[in-house]
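*Asks:* need a 3D model of the following:
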Amino acid sequence: MLPDTPCVWLSHWKKCKAPIKKMILFRHAAGITNQSVISKSEESTVVYDLQGRRVEKPAVRGIYIVNGRKVER
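*Replies:* Numbers count the residues shown, from 1 in each chain. Next comes the predicted model:
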């Protein structure tokens, strides 16, 4: 189960609520999120669009490939 994801299995949530909540709080405290963004250090690296074309300066918001990972800008 991931943070910020609605719980589909209510009975599972009720049974495992404490350990799941602890995991979510630990992830937030450690700065772990499910969102990837292009940071300032990655801006100087090569960026590709989803069609595999090299993009010099991504002007449009969307999903790009940076260092082999999909990131949202």
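
*Asks:* from here on, contacts and neighbour counts on C-alpha atoms
*Replies:* OK.

*Asks:* low-confidence ranges, this structure, go.
*Replies:* Applying pLDDT under 70 to the chain picks out residues 1-10, 12-13, 30-44.

*Asks:* break down it into its helices, ranges please.
*Replies:* Remark: helices assigned in the chain by DSSP state H are 10-29.

*Asks:* tell me how far the ends of stretch 46-58 are from each other?
*Replies:* One end of stretch 46-58 to the other measures 11 Å (CA to CA, to the nearest Å).

*Asks:* go through it and flag the buried ones.
*Replies:* For stretch 46-58, burial by neighbour count (16 or more other CA atoms under 10 Å) applies to 47-48.

*Asks:* now do that stretch: everything it contacts.
*Replies:* Stretch 46-58 is contacted from outside by 63-67, using CA atoms under 8 Å, 6 or more residues apart in numbering.

*Asks:* any idea what sits nearest Ile65, other than its immediate chain neighbours?
*Replies:* Once flanking residues are discounted, Ile65 sits nearest to Tyr48: 5.0 Å by CA to CA, 6 or more residues apart in numbering.

*Asks:* neighbour-wise, which one of the contacts of stretch 46-58 leads?
*Replies:* Scoring the contacts of stretch 46-58 on neighbours with other CA atoms under 10 Å, the highest-scoring entry is Tyr64 at 24 neighbours.

*Asks:* now do the contacts for that residue.
*Replies:* For Tyr64, the contacting residues are 47-50, 70-73, by CA under 8 Å, 6+ apart.

*Asks:* and the strands in this structure?
*Replies:* Listed in chain order, the strands of the chain (DSSP state E) span 47-48, 54-55, 63-66, 69-72.
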